[in-house]
Each structure stands twice: as structure tokens, then as C-alpha cells.
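J.: I would like the atomic coordinates for the input below:
(chains A and B)
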Amino acid sequence: MNFLLAAAAATPAAAPAGFQFTPALGMFLAFVVVTLGITYWSARKSTGASNYFAAGRGITGWRNGLAVAGDYMSAASFLGIAGMIAFKGYDGFMYSVGWLVAYLTVLLVVAEPLRNAGKYTMADVLAYRLSPRPVRAMASLSTLTVSTFYMIAQMVGAGALVKLLLPGVSYEAAVAGVGVLMIVYVVFGGMLATTWVQIIKAILLMSGSLFLSVLVLKHFDFSFVKFFEAVGKVPVAGPDGTLVEKDFLKPGLIFGLQVTKGWGPIDLISLGLALVFGTAGLPHVLVRFYTVPDAKTARVSVVWAMAIIGAFYIMTTFLGFGAATILTPAKISVENMSAPLLAKALGGEIFFAFISAVAFATILAVVAGLTISASTSFAHDFYTNVLHHGRERGPGEEVRVARIAAFVVGAVAILLAIKLQTINVAFLVGLAFAVAASANLPVIVLSLFWKRFNTSGACWGLGVGLIGSIILIILSPSVMVPGGKGLIDAEPWFPLKNPGIVSIPLGFLAAWLGTILSNDRTSEAKFAELTVRANTGLGAEKATAH
Amino acid sequence: MPEQPNSDRDLTPEVSAETDVARLGHSSPPPAHEQTADEDAQIADWEGIAAQPQFKALLAAKLKFIVPATLFFVVYYFALPVLVGWFPELMEKRIGPVNLAYVFALSQFFMAWILAYVYLRKASQFDDQAHAIVSKLDQPKGGAK
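T.: So this is what the prediction gives:
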């Protein structure tokens, strides 16, 4: 039981002097206590590989749908998009559309074949008919890269959020607290605990957003006409500092041709491509489909997730436009604080505390999902299958290695997040999606649907997609900013913030060229088997009997 | 599927932990959920099933739905940034209290939900077809339903 005490102590004990007990902290601690209880319960059930990595494949459809939504809706969505709409209006809403539409790719193309043919990781499907060791090594590298980038962005966000929501708790303490909790969930509770943390978070996030949306509509006497009239004239500071009324339904404040020197719409399309092709290649989303009993349940869970995620993003318009009209941008200190401040204005201190606690729960659920997918890929793909040719050397070794990997990944993420405190790392989320779309998705799709596809093609596709995305991001306006405000002080070489429009075709091209330039045809032998398995579920991994 | 002894609990540590992927030196087979592709590779005549007209019909039916559905949602979704980006005057046309841009963005959500629902209905036909193929096979050792 020591780990429970250690983790429970981590958040408050690390706080410096001058720290006050606020309702927000109280609610956050309540969430921590409940989730640690679940971790303790899960730890007793999580013996054996398929229990630890895949929750015994016994999660029901709607629960997995909630967990997928909880895994996916990050604080960037909750606070970031609400803030974007509050400050920039319509373009923020347009930005959010792709996050739901992307699930159609998951539903139609990836979820069912993956569940039918795989075991614990995305690489299982690739290793089916391709040479396992090189393909797993590359897929594991790509998984670890995507997960680490995404995790650092989340943890830096968590630290920054704490400074705003809980005065008195330092950045380092917040990052360490979030990091220690996610390590405890994953190391001790495995996939079962992670799943329940995500389910609880999804319920909290949805109820918080719903209540806040109702409060916004109540403010306008439940009249959409009045609401949109107000959205049509939001007072914002003009160039000379005086307030002018702006129509927030009018597009163009973020991606308009004028404000972006003509690149805005292309950048938005590039982002859309990364979302639509990247979501179906995100390792932490894909592993969720191994936690259900069969492909049919996987399909049902995607539809549940789509219902929840879609409802959530529609509600962000009420939160965002609500903050823009009721608070007005001039009175919101920081863009990301729009939703919590709106909660304070409409629901008082206690509701503010609740929304703040929801924001933490959101971050915790996402980073826990990232940690388990990274550590599973390391243990299953790299350690067992690449280093030891698919053999465990002792009972339970794979699970033990995964636990150690989760600890190491978490510790590295804490250190990096503390190091990167002052740097705007929001672009890392875009990078994670770009890598998933340019490296992972092309090889998953080609290995499922193209008979000729071979090992060389998979390695080239993964390598070029991964490295191409990283190079393009480094040359983009997210990293190269003149005037010393970015990581590199220079004029950007590449005009787009989102590399997808170039890197995704590059990934497909490399996978195709790598295939046809190699004479290897051994992969064709098992194409019939993979096709039959993927489409009938014959021989698919079964749920553990509980 | 033949019941494995003690299949009511997860036997991973005892049965197949040493060789989760390739077993060594066990007298009894691992439980079905722990079997890997290599271990139960011969549960069916894969080439034979792939060549069956029913299986080909299943693949054709799936492609006939999935390819047009995917093309449709990709075109519908990317129409939003294209129209808003290069035809802002059109998209700023008022519709009641809102404008066309807002209605079109909102319609994306309903498009995604409706398409997901249609696929869910359609996929139950695919399930029936797949079930018919699988249930016709002889039931060999573990794995197959």
C-alpha cells in the first residue's frame, strides 16, 4: 500500500509555503482518492499479460466508447478550443470540426481489422505478414515518439494550468504530481485502471461542459436568437485600444487569407489531413480497441465515442461564444482561462473549482493513456519481439518490462516538462498527429489492403513519415520564429504550421517506393490469411473469462 | 470451441508466460486468448476461405460501402476549409440568426453521426455474412467461434 500513500502525498506535500486549501484543490484531491482506489482494485485483477495490457479484453462497448473519448479529449480541446472561440470566434469552431470527423476513418477503416488481427499493439498487425523484427522496431520507435511528444505537451500544459487555477502550487510540483499519478495508475493498475480513469474523466468533462452550456443558454433566456445576436456583436479592442463590435460568426480571424499572408486555408487543410489520417494512427487510441471482446464491440465503441466527442465539441461553441459574449475577451486574462472564468462568473466559486478539477482529470486521463501505450509498445514490440525474438525469458517478464518502461517514460516526461517550462510546446500536439498520419496510418492501411506491400516498404514509410514530419515542423513557423520568441531565431523555411499536406503524401510515397524497389515477395504469402482474419474475426484474440 | 482446463482465470503467468509468443516445453496448450497467430495458424484453410465466393462477396460488399463512404466524408469535410477560406462572401450569407459558415460547420457533426449510424446498420449485414462463412467451416481446435 506504500504506493498509494506516496502518490496521495505527492501533490500537496510538494507544494511550497503560502499554499492555500481551495475548493478546486479539494475536488482534485477527491478525484485522486477515487482513482487511486480504482488503481488498487485493478492492481489485484491485472495479473497476466492480456489483463495488464488489454484489461482482459472485457470492456463493454459503451464503456470503451467513454474511455476512447476520455483518452482523446485533452485539455487542449477543453480549454484551448473554448479559449480560441472566445477570442477568435468562428475559426475556433471550424478548427474543432476535424477532431470528430477523424473518427470516421477510425470507424470505417482501422478499428475492426485491427481488433481482429492484432494482440496488444499497432505493430501486431504489421508483423503479421511482414518481417517482424525490423517492422516492430520501427513501429515501436514511431509509437514512442508520438506518445512522448504528446505527453510533454500535456504535462507542460498541466503545469501552466496549475499556476492559473491553484495559486500557491508551483509549476514543478504540478508536473511532478501529474507525472507520479500517471505512473501509479499505469504501473500498478495497468490498462484496467487507465480505462476507468478515462471513463470517470469523460463523465466529469461531459457533465461539467453540459452544465456550463445550460448556464450560458439560461443567461440568454434559452433563446438561440438572442444568443447569436450577442455573438454577432462582441466588443473587442480595436487597433487604437477602443472597443469595437465584431461579428464572431464571421470567419477569418485565425485562418483568413489576410491574417496569414494567404497560407491560412492551406494550413487548415493540412491540419485537417493530419487529424483525419492521424487519429486512426495514434497508438493510444488504437490500443483501446484491444480492450473489448471482439470487432463488433470495437465498432460499437467507436460510435459511442463519436456521440460523446461530437456532443462535446458542439458544446465548446456554447462555452467559447458564451465567454466571448458574457465575459468579453477584454476581461479574460489568458485565453486558456476562458472556460474556467466563465464557470466562475455563471456558477460561482464551487463550479469554478469543479471545472478546474475537471481540467486536471482531463490531463491525467490522457497522459495515463499515452504512458500505457508507450510502455506496451516498448515491452511487447521492442523488448520481447525485437530483442528476444518473441520469447519471454521468465514468467511475466513482458508485463514486468512494461511496468519498468512506464516508470521510465513517466520520469523522463516529468524531467522534460520541467525543462521546457518556458517554451510554447503546443506545436508538439500537431507534431504527434502529423507523425501518426504520415508514418503509422500509411503502413497500417497498405499492410491491410495492398498484397504486394512488403517489409522494405513498411520501414521506408515509417522512417520517412516520422523523420519528414519532424524536419518540416522544425522548419515551420512553430519552431522558427524571428525575434527570439521560438526555439530557433530565424525566418521559417516552410510556410505551414501543420506539415500534413506534405508529409502524409511523402509517407505514402516512401512506403510505395520502398515496396516496389525491393524484390521481397514473401509478404504476399500471408495476405489471404490476414484478409480472412481481419474480415471474419476468425482466430481473433478472445476475452479473458472473468 | 473446446473448453480449456481452468479457463476461468488468466493463466498467463503459469502457462505461457515464458513464451508468450513462442511457447517452449509445455505439455498443455495455452488458453485460446493467449494463442498467437503462429500457434493457431492452422485453424483454418486461409487460402481456401479467401477463394470462396461468399468471402469474395463479403469483401466486395464491404468495399462497395466503405470506399464511397470514405470519399464522401473526406470531400464533405474538406469542403469546409476550402469554402470558408476562398469563398468567404458566400459563407457569410445569413441564415436566420446565423450564417452559412456556421450551419455548414455544424452540419459536419450531423454528417459524421449519420454516416456512423448508417455504417453501424450496414455492418450488421457484414457480420451475418462473416458468420455464415465461419459457421460453415469444420470446427477445429481453439480459436474460431
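J.: tally of neighbours for the residue in chain B positioned nearest to chain A?
T.: Per CB to the nearest CB, residue B:85 is where chain B lies closest to chain A, at 2.5 Å. No exception for glycine: its C-beta is placed from N, CA and C like everyone else's. By other CB atoms under 10 Å in any protein chain shown, 23 other residues sit near residue B:85.
J.: who's in contact with it?
T.: Counting by CB atoms under 8 Å, 6 or more residues apart in numbering or on different chains, residue B:85 makes contact with A:255, A:256, A:257, A:264, A:265, A:266, A:268, A:269.
J.: repeat for residue A:479
T.: Contacts of residue A:479 by CB under 8 Å, 6+ apart are A:427, A:473, A:486, A:487, A:488, A:492.
J.: switch the cut-off to 7 Å
T.: By CB atoms under 7 Å, 6 or more residues apart in numbering or on different chains, residue A:479 lies in contact with A:427, A:473, A:486, A:487, A:488.
J.: now the fourth one. Nearest residue, chain neighbours left out?
T.: Distances taken as CB to CB, 6 or more residues apart in numbering or on different chains put residue A:479 closest to residue A:487, at 4.9 Å, once the chain neighbours are dropped.
J.: residue A:339 contacts residue A:355, correct?
T.: Yes - at 6.4 Å, residue A:339 counts as touching residue A:355 under the criterion of CB atoms under 7 Å.
J.: quick check: phi and psi on the residue of chain A found nearest chain B?
T.: In chain A, the residue that lies nearest chain B is residue A:265 (2.5 Å; CB to the nearest CB). Backbone torsions for residue A:265, taken as degrees, to the nearest 10, come to phi -60, psi -40.
J.: next up, the contacts around it.
T.: A:255, A:257, B:81, B:82, B:85, B:86.
J.: in helices only, show me these.
T.: Among these, DSSP state H puts B:81, B:82, B:85, B:86 in helices.
J.: I'd like the distance from the residue nearest in space to the middle of chain A to residue A:100, if you could.
T.: For chain A, the residue nearest the mean C-alpha position is residue A:72 (4.6 Å; CA atoms, centre = their mean). To residue A:100, residue A:72 is 10 Å away according to CB to CB, to the nearest Å.
J.: any common contacting residues for those two?
T.: Common neighbours of residue A:72 and residue A:100 (criterion: CB under 7 Å, 6+ apart): residue A:309.
J.: nearest residue to the residue of chain A closest to chain B in space, ignoring adjacent ones along the chain?
T.: residue B:85 (2.5 Å).
J.: next one: that neighbour, what pLDDT does it get?
T.: At residue B:85, the model reports a pLDDT of 84.
J.: which residues touch the residue nearest to the centre of chain A?
T.: A:285, A:309.
J.: swap in 8 Å and give it another go.
T.: Contacts of residue A:72 (CB under 8 Å, 6+ apart): A:99, A:279, A:285, A:305, A:309, A:366.
J.: ok so, going back, can you say which of the contacts of residue B:85 are buried?
T.: For the contacts of residue B:85, a burial check counting by 16 or more other CB atoms under 10 Å in any protein chain shown picks out A:255, A:256, A:264, A:265, A:266, A:268, A:269.
J.: quick one: the first one and residue A:94 touch, right?
T.: Translated: residue A:255. Yes - Residue A:255 lies in contact with residue A:94 (CB atoms under 8 Å); the separation is 7.3 Å.
J.: list the residues that contact both of these two?
T.: A:268, B:81, B:84.
J.: just give the closest residue to residue A:371, not the sequence neighbours.
T.: Using CB to CB, 6+ apart, the closest residue to residue A:371 is residue A:186 (4.6 Å).
J.: which of the ones in helices among the contacts of residue A:265 are buried?
T.: Buried by 16+ other CB under 10 Å: B:81, B:85, out of those.
J.: and chain B, what are its domains?
T.: Following automatic domain parsing, one finds the domains of chain B at B:1-39, B:46-136.
J.: any idea which of these is most buried?
T.: domain B:1-39 (a mean of 18; mean count of other CB atoms under 10 Å in any protein chain shown).
J.: just for the stretch 1-150 of chain A, where's the confidence low?
T.: Scanning the stretch 1-150 of chain A for pLDDT under 70 picks out A:1-20.
J.: residues of it that sit close to chain B?
T.: Counting by CB under 8 Å from any CB of the partner chain, the residues of the stretch 1-150 of chain A close to chain B are A:47-51, A:56-57, A:90, A:93-94, A:97-98, A:100-101, A:103-105, A:107-109, A:119, A:128.
J.: which ones among those map onto strands?
T.: When the residues of the stretch 1-150 of chain A next to chain B are checked against strands (DSSP state E), there are no matches.
J.: shaky segments in the chain?
T.: Because you didn't say which chain, this covers chain A. A:1-20, A:259-260, A:484-485, A:544-546.
J.: looking at chain B here, not the other one
T.: Residue ranges of chain B with pLDDT under 70: B:1-42, B:138-145.
J.: apply 90 and report the result again.
T.: Scanning chain B for pLDDT under 90 picks out the ranges B:1-55, B:81-101, B:127-145.
J.: quick one, helices of it?
T.: B:12-15, B:46-51, B:53-86, B:88-91, B:100-136.
J.: check whether the last one comes near chain A.
T.: Yes - under the criterion of CB under 8 Å from any CB, chain A is reached by helix B:100-136 at B:101-102, B:105-106, B:108-109, B:111-113, B:115-117, B:119-120, B:123, B:127, B:130, B:133-134.
J.: and residue A:356, how close does it get to residue A:167?
T.: In terms of CB to CB, residue A:356 sits 11 Å off from residue A:167.
J.: what does stretch A:241-252 contact?
T.: Outside stretch A:241-252, the residues within contact range by CB under 8 Å, 6+ apart are A:85, A:89-91, A:94, A:228, A:231-238, A:258-259, A:264, A:321, A:324-325, A:330, B:84, B:88, B:91-92, B:98-99, B:101-102.
J.: run a quick neighbour tally on residue A:233.
T.: A total of 12 residues lie near residue A:233 under the criterion other CB under 10 Å.
J.: contacts only, for it.
T.: Residue A:233 touches A:245, A:246, A:247, counting by CB under 8 Å, 6+ apart.
J.: helices of the stretch 351-500 of chain A, start to end?
T.: A:397-419, A:427-435, A:441-449, A:455-474, A:500-516 (DSSP state H, counting those that start in this stretch).
J.: which helices and strands does the third one pack with?
T.: The one in question is helix A:441-449. If you count contacts as 3 or more CB pairs under 8 Å, 6 or more residues apart in numbering or on different chains; DSSP states H and E, helix A:441-449 packs onto helix A:122-127, helix A:455-474, helix A:500-516, helix A:527-536.
J.: relative to residue A:388, which of the ones you listed is closest?
T.: Residue A:388 lies closest, by CB to CB, to one member of the helices and strands packed on helix A:441-449: helix A:122-127, at 14.4 Å.
J.: run through who's touching the closest one.
T.: When contacts are defined by CB under 8 Å, 6+ apart, helix A:122-127 is touched by residues A:113-114, A:117-118, A:135-136, A:139-140, A:143, A:281, A:283, A:286-287, A:377, A:380-381, A:385, A:440, A:443-444, A:447-448, A:458, A:530.
J.: re the thing from before, so which of the contacts of residue A:72 comes closest to residue A:436?
T.: Closest to residue A:436, out of all of the contacts of residue A:72 and judged by CB to CB, is residue A:279, at 7.4 Å.
J.: OK, contacts around residue A:475?
T.: A:492, A:493, A:494.
J.: show me what contacts the last one?
T.: Listed by CB under 8 Å, 6+ apart, the contact set of residue A:494 reads A:472, A:475, A:476, A:477, A:502.
J.: now it: how far from residue A:242?
T.: 38 Å.
J.: hmm, back to that, just the buried members of the contacts of residue A:479?
T.: Applying 16+ other CB under 10 Å to the contacts of residue A:479 flags A:427, A:473, A:486 as buried.
J.: want to throw those residues into a markdown table with distance to residue A:434?
T.: Shown next, in a markdown table, are those (distance: CB to CB, whole Å):
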| residue | distance to residue A:434 |
| --- | --- |
| A:427 | 10 |
| A:473 | 7 |
| A:486 | 18 |
